[in-house]
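Engineer: Predicted coordinates and the sequence they were generated for:
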Amino acid sequence: MATRIRPSNKRCAVIGGSGFLGRHLVERLVDRGYAVAVFDIRQSYELPGVTFYQGDLCDKHALLVALKDVSIVFHCASPAPASDDRALFQRVNIDGTRTVIQACHEAGVQKLVLTSSASVVFEGTDIKNAKEDLPYAKRPIDYYTETKIQQEKMVLEACSKENDFLTVAIRPHGIFGPRDPQLVPILVDAARRGKMKFIIGDGCNLVDFTYVENVVHGHILAAERLKTDSPLCAQAYHITNDEPVRFWDFMSQILVGLGYSAPRYHLPYMLVYGIALLLWLMAFIMRPLVQIKPTFTPMRVALAGTHHYYSCARAKQDMGYQPVVPLKEAIARTVESYPHLRKGA
Ligand SMILES: NC(=O)C1=CN([C@@H]2O[C@H](COP(=O)(O)OP(=O)(O)OC[C@H]3O[C@@H](n4cnc5c(N)ncnc54)[C@H](OP(=O)(O)O)[C@@H]3O)[C@@H](O)[C@H]2O)C=CC1
Ligand SMILES: CC(C)CCC[C@@H](C)[C@H]1CC[C@H]2C3=C(CC[C@]12C)[C@@]1(C)CCC(=O)C[C@@H]1CC3
């Protein structure tokens, strides 16, 4: 019988390694002595110890080149949630993830760590300290969430101890930190256009915002603790800062840190949600004629006006997870990293 030569445990690949989370993950893996292959549709930087492979993850042949001699694959590529393009989400998150799994099998990869999302259970209503056993959203709030659910199911179902292929899913929530192209830039853009004067709802809703280095720490712990006899096999894990914060306090701290005023006036949640829904519908109908990108999408309004925080007790118990950067320090580091977005810059 032919024996399969095991690739070195220190060779890994990061699919989506040019993105916000992916690049932070790559930098930390290199610090820890891993040789890293980045597979991404674009190359955004260069780093010693990292080999770049540019390609679409739906292309198995391109993936196989990057996965040669790799033992661990981190899959953190996805179209941006704001793209709202159903066909693109289906192609990349569902068909593409199926291709990633096939390529892992063919390349002899032993571990696949998926970046899922805590929002796979979010339906637009309050979630308080939820554990991972909460059922997937029956009515996902957008195509992004819908396809993240399918993606997570597919990766966890692919776990097979017999075939020496182990999988685990990390569910972060509200990732923020230096170089994030979403949260801080969108917030500042809204503030600059005078749209951040209002608090949606009573402003008391608690939310998890997770510093990117904590998310990276969760991914690396998961990869290193994922073994045939460990409880991590085929499981999903919430990774948060473990410090739920009022959504509007968090936004205000970022805004004030960058020199903008904090929102002050309250608007009823249902009113804003109704307007956002109407705008989304109009944008959808007019799409063939003109591209409109509303700041306040139904998803964003739901996220801004409800509780959504998650327990990471399972990650603490099974992989010894603890956040490495507390929220206060994380906000300070983030604000400092965006000098170009300061008021007046
Ligand atoms: N940001 C957040 O708050 C949260 C994110 N997540 C998950 O974390 C992961 C990383 O998110 P984040 O870093 O914010 O996202 P980014 O958009 O910054 O990174 C994703 C990377 O994947 C690339 N990519 C997209 N499509 C393909 C493709 N077909 N083939 C190869 N590469 C592709 C992107 O390229 P391009 O930019 O050109 O599209 C980008 O470089 C995602 O899976 C996301 O669902 C989960 C919870 C919260
Ligand atoms: C205009 C303001 C009302 C809101 C500005 C901030 C928002 C852009 C962000 C607040 C919560 C964020 C969030 C995500 C994206 C950016 C926010 C909406 C995700 C949707 C990213 C992908 C996920 O998997 C879940 C995230 C939840 C929180």
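Structural biologist: Cool, got the structure. Numbering: from 1, shown residues only. Ligands and ions are numbered 1, 2, ... in the order given.

Engineer: Near ligand 2, which residues of the stretch 1-150 of the chain? Just list them.
Structural biologist: Residues of the stretch 1-150 of the chain lying close to ligand 2 by CB under 6 Å from any ligand atom are 81, 117, 119. Bear in mind the C-beta positions are built from the backbone N, C-alpha and C, glycine included.

Engineer: now, which of those residues sits nearest ligand 2?
Structural biologist: Using CB to the nearest ligand atom, Ser117 comes nearest to ligand 2 of these, at 3.3 Å.

Engineer: quick one, what contacts that closest one?
Structural biologist: 145, 148, 171-173 (CB atoms under 8 Å, 6 or more residues apart in numbering).

Engineer: any idea where the helices of the chain begin and end?
Structural biologist: 20-31, 60-66, 86-89, 97-107, 143-157, 183-192, 212-225, 247-257, 269-286, 298-305, 313-319, 327-336 (DSSP state H).

Engineer: In TSV, list the ones you listed along with mean neighbour count.
Structural biologist: Output for the helices of the chain, formatted as TSV (neighbours: other CB atoms under 10 Å):
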stretch	mean neighbour count
helix 20-31	22
helix 60-66	17
helix 86-89	16
helix 97-107	20
helix 143-157	21
helix 183-192	18
helix 212-225	23
helix 247-257	20
helix 269-286	14
helix 298-305	21
helix 313-319	18
helix 327-336	17
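
Engineer: Nearest approach to ligand 1 belongs to which of those helices?
Structural biologist: Taking CB to the nearest ligand atom, helix 20-31 is the member of the helices of the chain nearest to ligand 1, at 3.5 Å.

Engineer: by contact count, what packs against that closest one?
Structural biologist: Under the contact criterion of 3 or more CB pairs under 8 Å, 6 or more residues apart in numbering; DSSP states H and E, helix 20-31 touches strand 11-15, strand 35-40, helix 212-225.

Engineer: dump the residue contacts of Val113.
Structural biologist: Counting by CB under 8 Å, 6+ apart, Val113 touches 72-75, 167-170, 219, 222-223, 226.

Engineer: typo on my end, it should be Val36
Structural biologist: Counting by CB under 8 Å, 6+ apart, Val36 touches 12-14, 17, 26, 29-30, 49-51.

Engineer: Out of the helices of the chain, which gets nearest to Pro135?
Structural biologist: Nearest of the helices of the chain to Pro135, taken as CB to CB: helix 143-157 at 10.2 Å.

Engineer: Quick one: mean pLDDT for the closest one?
Structural biologist: The predicted model gives helix 143-157 an average pLDDT of 97.

Engineer: what's the span of stretch 132-148 from first residue to last?
Structural biologist: 15 Å (CA to CA, to the nearest Å).

Engineer: contacts for it?
Structural biologist: Contacts of stretch 132-148 (CB under 8 Å, 6+ apart): 78-79, 81, 84-86, 89-90, 93-94, 116-117, 119-124, 127, 149, 153, 171, 235-238, 297-299, 302, 314.

Engineer: Next, count neighbours for the closest residue to ligand 1 within the chain.
Structural biologist: Residue nearest to ligand 1 within the chain: Gly19 (1.9 Å; CB to the nearest ligand atom). The tally of other residues near Gly19 (other CB atoms under 10 Å) stands at 25.

Engineer: give me every residue that touches it.
Structural biologist: Applying CB under 8 Å, 6+ apart, the residues near Gly19 are 40, 76-77.

Engineer: and which of the residues you listed is nearest to Val207?
Structural biologist: Val207 has its nearest neighbour among the contacts of Gly19 in Cys76, at 21.6 Å by CB to CB.

Engineer: Of the contacts of Ser117, which ones also sit close to ligand 1?
Structural biologist: Among these, ligand 1 is touched by 148, 172-173 when using CB under 6 Å from any ligand atom.

Engineer: residue ranges with poor pLDDT in the stretch 151-300 of the chain?
Structural biologist: The stretch 151-300 of the chain contains no residues with pLDDT under 70.

Engineer: isn't His307 right next to Gly124, touching?
Structural biologist: No. His307 lies out of contact with Gly124 (CB atoms under 8 Å); the separation is 11.6 Å.

Engineer: and the stretch 1-150 of the chain, which residues reach ligand 1?
Structural biologist: Taking CB under 6 Å from any ligand atom as the contact definition, the stretch 1-150 of the chain meets ligand 1 at 16, 18-22, 40-42, 56-58, 76-80, 92, 96, 115, 117, 148.

Engineer: Throw together a PyMOL command that grabs the buried residues out of the residues you listed.
Structural biologist: Listed next is the PyMOL selection for buried residues among these, using 16 or more other CB atoms under 10 Å:
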select buried, resi 16+18+19+20+21+22+40+41+57+58+76+77+78+79+92+96+115+117+148
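
Engineer: on that earlier part again, what subset of the contacts of Val113 is buried?
Structural biologist: Applying 16+ other CB under 10 Å to the contacts of Val113 flags 72-75, 167-170, 219, 222-223, 226 as buried.

Engineer: Roughly how far does Gln151 sit from Leu25?
Structural biologist: 18 Å (CB to CB, to the nearest Å).

Engineer: got the contact list for Met282?
Structural biologist: By CB under 8 Å, 6+ apart, the neighbours of Met282 are Ile292.

Engineer: and if you look at Val215?
Structural biologist: Applying CB under 8 Å, 6+ apart, the residues contacting Val215 are 21, 24, 170, 172, 175, 239.

Engineer: Give the burial count for the fifth one, as a bare number.
Structural biologist: Under the neighbour criterion other CB under 10 Å, Ile175 is assigned a count of 23.
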